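Q: Return a 3D structure for these sequence lines:
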Amino acid sequence: EECLDVPWLDKVAYGFQMHHAWPMESTRGVGLYRLFCDTVRIQWILLVCFALLSSHTVLAAQILYLKLLFGAYGSAVGHFYAHYPEAARPAAISLLQRLHLLLPPKHHAVHHRAPYNENLTSVSGLTDPMVNAFLSKAPFAPTLATLIGLSLFDIRGIEGVYEHFVQN
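A: Next up is the predicted model:
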């Protein structure tokens, strides 16, 4: 909710908050197309950060591709099916949810209850125990700054770690 007071985040945050208040109503009838449209905003940000801040290597491009695939589109698919009616859910999706390869609906439902600070991940939920412990009581401003910093520099950081291990 605090993002609603940040001018450059307010419109995106509003849609996000509406989804928290009415998860089924804001998902049903909207479909994957709308969720992918929302994902496109994230991809533009990732692409601009890549263009400005990466070392423009093949490795950096591979990392960007994986980040877009698993972070942006993987998140939209996992999140969409966490709200999809069970009876209409494809069997393969249900299996992936039981295996926690896609976000299970019961796991994700916790995220839609006040104070909205648990089970924040949206691809599979596997990292939520660690993320919950770390972020549940974190103050807003430093958390937002950290998220932005990690989003801006993570590709370069991963490149550096990879190069360190390959050279040693």
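Q: rest of the way, CA atoms for contacts and neighbours
A: Noted.
Q: Tell me the buried residues in stretch 50-62?
A: Neighbour-count burial for stretch 50-62 flags F50, S54, L59, A60, A61 (criterion: 16 or more other Cα atoms under 10 Å).
Q: how much distance is there from that stretch to the middle of the chain?
A: Stretch 50-62 sits 21 Å away from the centroid of its parent chain (Cα atoms, centre = their mean, to the nearest Å).
Q: Can you pull the poorly scored residue ranges out of this protein?
A: 1-4, 8-43, 70-74, 168 (pLDDT under 70).
Q: Which helix in it has the most residues?
A: helix 140-167 (DSSP state H).
Q: Please identify the buried residues of that one?
A: For helix 140-167, the neighbour count (16+ other Cα under 10 Å) marks L152, D154, I155, R156, E159 as buried.
Q: got these as JSON lines, with distance to D128 columns?
A: Output for those, formatted as JSON lines (distance: Cα to Cα, whole Å):
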{"residue": "L152", "distance to D128": "22"}
{"residue": "D154", "distance to D128": "20"}
{"residue": "I155", "distance to D128": "22"}
{"residue": "R156", "distance to D128": "25"}
{"residue": "E159", "distance to D128": "25"}
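Q: picking that back up, which other helices and strands does the longest helix of the chain contact?
A: helix 31-53, helix 58-66 (3 or more Cα pairs under 8 Å, 6 or more residues apart in numbering; DSSP states H and E).
Q: Please find the angle between the direction vectors of the last one and helix 140-167.
A: Spelled out, it's helix 58-66. In terms of direction (axes from the mean of the first three to the mean of the last three Cα atoms, to 10 degrees), helix 58-66 departs from helix 140-167 by 130 degrees.
Q: who's in contact with helix 58-66?
A: L46, L47, F50, S54, I155, R156, I158, E159 (Cα atoms under 8 Å, 6 or more residues apart in numbering).
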